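J.: I need the structure of the sequence given here:
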Amino acid sequence: MSHLPLTPPESADMRDDRWRQTHLGRLLGHAMRRFDERVLHLMAGNEGVPLALANLASRDQISAAHVHITRHLGLQGSRLTDLARAAGMSKQAMGDLVDQCAAWGLVQREPDPLDARARRVVFTPVGLAWLQAFKDAVAQAEAEFREAVGKEVATVVALGLEAYAH
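T.: Numbers count the residues shown, from 1 in each chain. Predicted structure coming up:
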């Protein structure tokens, strides 16, 4: 059984820990949070979003976690287990999120036409308006990203992230 030293090693590699703030994973995380925050801000100002939802978004009551439903819910609906898997969340956490979004009128549960024992989550008309606002906000945030870093860099970043994610 090996024992870890009680004090950190005195090597030059360990004294310079700037890498912890600038490694790729951390930068990707910061970029994703910034992008999601911008999208939610734009959605809060979208005239197609019902006022109650716009107010929730503008007061940070709707978070990036709620965007998981917007990103992953199929247009024809999805079973909760499939939705949770697509979002990388537990079924229980996604169920709580769906319950909250249902209370806001974004989604509803209905019988699954393929399996009478199952239910699926579907967008409501309000949810479809929310989805359109999401689409518009993503397009605007992507345009702002291209403007901030340049078209060429934005293209390389998008291609690189797509290759890395798959």
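J.: only C-alpha atoms from now on, for both contacts and neighbour counts.
T.: Will do.
J.: which residues sit against the top helix by length along the chain?
T.: Assignment by DSSP state H gives helix 125-149 as the longest helix of the chain. Residues outside helix 125-149 that contact it (Cα atoms under 8 Å, 6 or more residues apart in numbering) are 35, 38-40, 42-43, 46, 48-50, 70, 105-107, 153-154.
J.: quick check: mean pLDDT across that helix?
T.: Averaged over helix 125-149, pLDDT sits at 94.
J.: ok so, going back, of the contacts of helix 125-149, just the buried ones, ChimeraX syntax please.
T.: ChimeraX command restricting the contacts of helix 125-149 to the buried ones, with burial defined by 16 or more other Cα atoms under 10 Å:
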select :35,38,39,40,42,43,46,48,49,70,105,106,107,154
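J.: so which of the contacts of helix 125-149 sits lowest on pLDDT?
T.: Of all the contacts of helix 125-149, residue 50 has the smallest pLDDT value, namely 75.
J.: need the strands for the protein, in chain order.
T.: Using DSSP state E, the strands assigned to the chain run over residues 107-112, 115-123.
J.: buried ones in the first one, by neighbour count?
T.: By neighbour count on 16+ other Cα under 10 Å, the buried set for strand 107-112 is 107, 108, 109.
J.: got it, and the longest one?
T.: Neighbour counts over strand 115-123 (16+ other Cα under 10 Å) mark 119, 120, 121, 122, 123 as buried.
J.: what does that strand contact?
T.: Applying Cα under 8 Å, 6+ apart, the contact partners of strand 115-123 are 73-80, 98, 106-112.
J.: what about the closest residue to residue 40 other than its chain neighbours, neighbour count?
T.: In this structure, residue 40 finds its nearest non-sequential neighbour in residue 57, 6.3 Å apart by Cα to Cα, 6 or more residues apart in numbering. Using other Cα atoms under 10 Å, residue 57 has 20 neighbouring residues.
J.: tabulate the CA atom coordinates of stretch 145-158 in CSV.
T.: Taking Å, rounded to 0.1, in the frame of the first residue of the first chain, the C-alpha atoms of stretch 145-158 are listed here in CSV:
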residue,chain,number,x,y,z
PHE,A,145,-19.1,34.7,-31.1
ARG,A,146,-18.1,35.0,-34.8
GLU,A,147,-17.9,38.7,-34.5
ALA,A,148,-15.8,38.5,-31.3
VAL,A,149,-13.2,36.0,-32.5
GLY,A,150,-13.5,36.3,-36.3
LYS,A,151,-15.2,34.1,-38.9
GLU,A,152,-12.2,31.9,-39.5
VAL,A,153,-11.5,31.2,-35.9
ALA,A,154,-15.2,30.6,-35.2
THR,A,155,-15.2,28.1,-38.1
VAL,A,156,-12.1,26.3,-36.8
VAL,A,157,-13.5,26.2,-33.2
ALA,A,158,-16.8,24.8,-34.4
